[in-house]
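Peer 1: This is the structure alone, sequence omitted:
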């Protein structure tokens, strides 16, 4: 299933909140939008109290008037269903719709996303407002599509209201059929946790040492995802019934939600909210070249859901709430850079957040294109430049898709299980970050993909290399699929803690790495978590690649025992009591090969493996670029466009070995070229000579 947005032209939009402004501003707003080549607005996603000011009374004239004016200026409209912000009359009269924390304390009115998906009353009221809203607006000529709710599971992604416990029990009954099956799946014989009545079963609640049953905790996350998807289905079914010519999307991605399943079942394509500056405000983001460029990894994940997608909110100014998420102002050029970062990774409809900064409310410091004063500023000029460029090259780029021959693979079960399990969860972020980062610096485009039960061999064979670093939960079926991939010519790279758990999160009573032990031709004879005084061992490289002296095997150290004679030891441990033992192996299987590393990947190890398997950048033959520049290609049916994005605040020197031209400016590119700070180049690779 493709699940891509269908656009003939790169299109620029903006989030618009007419309810925040006097009506006399609207027409000037739309006129200026058109001058900037902004042709789409999203609105109404937080407007339930306006649409239904008192229970059962609906007022749709306001947004009809706005859409009429937008239509006059040739501006298309995306409407958001307003269910992320229930009005005060609703939460006051029906407190059972509210979400609660693990202690059962209700989250009260005054924020957003304070409801629970399980409340029958909330679903009833959502059904009513969405039905009336769709029927009221479905025939408006400006309307092109619908956004369901807003950012499902944002702010909070756990739910502990009474209705959630009840719904959880019903979900478990359907999943397991009996308490005996549930008790077996959760291992409740341990610590006398056995359930003898369904009424005894709850979502995780406060426990001693804050340590819930890990198998319950995994099912809780599966339930939350399924419950959110069923909540979205209520709305998508209404829109399909009454407005079948409109497309449906949702904007994410957030925790405990299978966005792939949501999209496959209920959306036409997925949308993403892109705020690269989030990558720059954490104390742990000390590696300057990664920072906002790290956001490309999030966009790559979105691309695995919809190869071509919408960015429903693109950062266009400094961000912040009154009490948190305080971000500085983007430097000149960064808004344009981030816009093309989104486009490179598959965005064909780019919607900025927001048109004008709110003068009140929690987000009055979350700045939009226009400041409070509504006078011209450099952000307006920068967005106008993007609009002009979209009008010039947008018909060429739209519909092309990101090109990658290597994929970093993940799956929801291991992600969710790893949130609680400190024996494999932290390894995933370490390895994925290191692989993505080093591939980026070497200008080797990569996809971030999610393995699902529906995947077939042909889905994996799109890639010459797949890195699946720490799949603790592994089935024999998955192992068989991975074996087929390797036999057919793929290179598979695995990491520590692979294959030791079943889908319930139980540890297998079989040698590590469980289902893939035979494929890898190894077992694990010893292991240790690396933490505190337990030091990582140093590594000695045995292959042709070069490993930096003193490189350590981080996170976890597994001592590998070679079982099959055709296994090649690529690295050994060089210190600790297991010095001289294998740390990294490679085995040829069929036409491909499988690698197994008994630790989490860090940058030096990734570099050595990349060198060993001879991964090359697709632009190496005709371009040399520094690590600060991201390179990626969008292509389709013979058309191919190279994006070069400079994330540095300094010029980046490029060396063109062949002559090229920048689509955005028409400039001829040959020899040495100084790319400006935060600069963007798009090159038609078919015209390189």
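Peer 2: Perfect, I can see it now. For clarity, every value in this text was computed on a predicted model and none was experimentally measured.
Peer 1: And the strands in the stretch 451-600 of the chain?
Peer 2: 465-468, 491-494, 522-529, 539-541, 556-562, 567-573, 582-589, 592-597 (DSSP state E, counting those that start in this stretch).
Peer 1: I'd like to know which elements the shortest one is packed against.
Peer 2: In this structure, strand 539-541 packs against strand 567-573, with contacts taken as 3 or more Cβ pairs under 8 Å, 6 or more residues apart in numbering; DSSP states H and E. (C-beta placed from N, C-alpha, C; glycine too.)
Peer 1: cool, and the second one?
Peer 2: The helices and strands touching strand 491-494, judged by 3+ Cβ pairs under 8 Å, 6+ apart, are strand 465-468, helix 476-487, strand 592-597.
Peer 1: Now render these as TSV, adding mean neighbour count and distance to residue 632.
Peer 2: Shown next, in TSV, are these (neighbours: other Cβ atoms under 10 Å; distance: least, Cβ to Cβ, whole Å):
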stretch	mean neighbour count	distance to residue 632
strand 465-468	25	17
helix 476-487	18	24
strand 592-597	24	25
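Peer 1: Between the ones you listed, which one is closest to residue 388.
Peer 2: strand 465-468 (39.0 Å; Cβ to Cβ).
Peer 1: so what's residue 461 closest to, chain neighbours aside?
Peer 2: Excluding its sequence neighbours, the residue lying closest to residue 461 (Cβ to Cβ, 6 or more residues apart in numbering) is residue 488, at 6.0 Å.
Peer 1: mind listing what that neighbour touches?
Peer 2: For residue 488, the contact set (Cβ atoms under 8 Å, 6 or more residues apart in numbering) comprises 457, 461, 590, 591, 592.
Peer 1: Let's see if you can find the most crowded of the residues you listed.
Peer 2: Counting neighbours by other Cβ atoms under 10 Å, residue 592 leads those with 19 neighbours.
Peer 1: Show me the beta-bridge partners of it.
Peer 2: Taking DSSP bridges as the rule, residue 592 bridges to residue 589.
Peer 1: Residue 45 versus residue 73, what's the distance?
Peer 2: According to Cβ to Cβ, to the nearest Å, residue 73 and residue 45 sit 21 Å apart.
Peer 1: Please compare those two by neighbour count and tell me which comes out ahead.
Peer 2: Using other Cβ under 10 Å as the criterion, residue 73 and residue 45 rank with residue 45 on top: 25 against 17.
Peer 1: What sits closest to the more buried one if chain neighbours are left out?
Peer 2: Using Cβ to Cβ, 6+ apart, the closest residue to residue 45 is residue 80 (2.5 Å).
Peer 1: Just the pLDDT for the one you found.
Peer 2: For residue 80, the model assigns a pLDDT of 98.
Peer 1: again with residue 317
Peer 2: pLDDT recorded at residue 317 is 96.
Peer 1: Wait, it touches residue 327, no?
Peer 2: No. Using Cβ atoms under 8 Å, residue 317 is not in contact with residue 327; the gap is 9.0 Å.
Peer 1: Those two: who's more crowded?
Peer 2: Taking other Cβ under 10 Å, residue 317 and residue 327 do not tie; residue 317 has more neighbours (24 against 18).
Peer 1: quick one: buried residues of the helix or strand hosting residue 607?
Peer 2: Assigned by DSSP states H and E, residue 607 belongs to helix 603-612. Within helix 603-612, the residues that qualify as buried are 603, 604, 605, 606, 607, 608, 609, 610, 611, 612, counting by 16 or more other Cβ atoms under 10 Å.
Peer 1: What is the neighbour count of residue 615?
Peer 2: Around residue 615 there are 18 residues (other Cβ under 10 Å).
Peer 1: Give me the three-state assignment for it.
Peer 2: coil (DSSP: H, G, I helix; E, B strand; the rest coil).
Peer 1: Show me how the protein divides into domains.
Peer 2: 1-41+271-305+307-399, 44-245+252-262, 406-612, 623-687 (automatic domain parsing).
Peer 1: Kindly check the end-to-end length of the second one for me.
Peer 2: Read that as domain 44-245+252-262. When the termini of domain 44-245+252-262 are compared using Cα to Cα, to the nearest Å, they are 22 Å apart.
Peer 1: next one: it to chain centre, how far?
Peer 2: Between the centre of domain 44-245+252-262 and the centre of its chain there are 20 Å (Cα atoms, centre = their mean, to the nearest Å).
Peer 1: pLDDT averaged over stretch 5-20 - what is it?
Peer 2: Here stretch 5-20 scores 98 as its mean pLDDT.
Peer 1: do the same with stretch 280-287
Peer 2: 59.
Peer 1: and which of the contacts of residue 488 is nearest to residue 332?
Peer 2: When the contacts of residue 488 are compared against residue 332 (criterion: Cβ to Cβ), the nearest one is residue 461, at 44.1 Å.
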